[in-house]
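[1] Okay, here's the prediction I keep looking at, along with the sequence it came from:
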Amino acid sequence: MKLKTSAFAIAIAAMAASPAFAEPVLMTGEWTKGLCTAWNNEPVLTGKLTESGWVKNDKGRGFKVIQIYRSECAKKPTAEIRIALKDGKAACVYGGAVETTRLDSGADYVMDAETRHWEEMGRGEYGPMRAMFFGRLSFDGPMGEAMGNMGPFEAFLTLVGKVPYDSRSCAK
């Protein structure tokens, strides 16, 4: 009887020591829902990208697309957010798995980096200029538009550090 009681006690202790709910895997559709919420709570993104006209460059679709991924995990984007002008703000209207199959290089963005670099940018250790200069962040999209919005671009990268995640595995 004592052996059964000890095994039961160990099992209960193990369950208590582990979190009840694990964080979503970084750059998955589930994690990107939190990224979308964080975007909408960041005044630099919602305000400055409206003021600069960035959000209006949507090629007539009504939204811009940003797709992201971790380069050691995939060779193509695993997560997507869509940004649209809503109530006078550059609002995230979708955050999840990649759905947009045809991007417009004059309006949309694709970014990838190794996990450790996403984490460094998320902590604010460096911004997009340094990341791209040293090859830590790959970027496709309207470069001139991005260069004119470096403050919001940096604010976007730091969102990675504000949305809880698990980086021990890759998106499936």
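    Now that the structure is in, tell me what you want to look at.
[2] State the number of residues packed around the residue lying closest to residue 26 once chain neighbours are set aside.
    Spatial nearest neighbour of residue 26, excluding adjacent residues (Cβ to Cβ, 6 or more residues apart in numbering): residue 165 at 4.0 Å. To be clear about C-beta, it is placed using only N, CA and C from the backbone, and glycine gets the same treatment. Residues lying near residue 165 (other Cβ atoms under 10 Å) number 21.
[3] Can you find the helix or strand of this structure with the lowest average pLDDT?
    Least confident element among the helices and strands of the chain, by mean pLDDT, DSSP states H and E: helix 2-17 (a mean of 46).
[4] Tell me which helix or strand comes right after it.
    helix 29-40 (DSSP states H and E).
[5] just checking, what packs against that next one?
    strand 79-86, strand 89-96, helix 150-159 (3 or more Cβ pairs under 8 Å, 6 or more residues apart in numbering; DSSP states H and E).
[6] quick one: low-confidence ranges for the chain?
    Scanning the chain for pLDDT under 70 picks out 1-21.
[7] do you know how far the residue nearest to residue 26 is from residue 66?
    17 Å (Cβ to Cβ, to the nearest Å).
[8] that older thread, need the helices and strands packed on helix 29-40 in a markdown table with distance to residue 114 and mean neighbour count, can you?
    As requested, those are arranged in a markdown table below (distance: least, Cβ to Cβ, whole Å; neighbours: other Cβ atoms under 10 Å):
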| stretch | distance to residue 114 | mean neighbour count |
| --- | --- | --- |
| strand 79-86 | 15 | 21 |
| strand 89-96 | 22 | 20 |
| helix 150-159 | 14 | 20 |
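[9] Turn those into a markdown table, including distance to residue 169.
    Formatted as a markdown table, these follow (distance: least, Cβ to Cβ, whole Å):
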| stretch | distance to residue 169 |
| --- | --- |
| strand 79-86 | 14 |
| strand 89-96 | 18 |
| helix 150-159 | 21 |
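[10] nearest to residue 29, of those?
    Closest approach to residue 29 among the helices and strands packed on helix 29-40 is made by strand 89-96 (4.1 Å; Cβ to Cβ).
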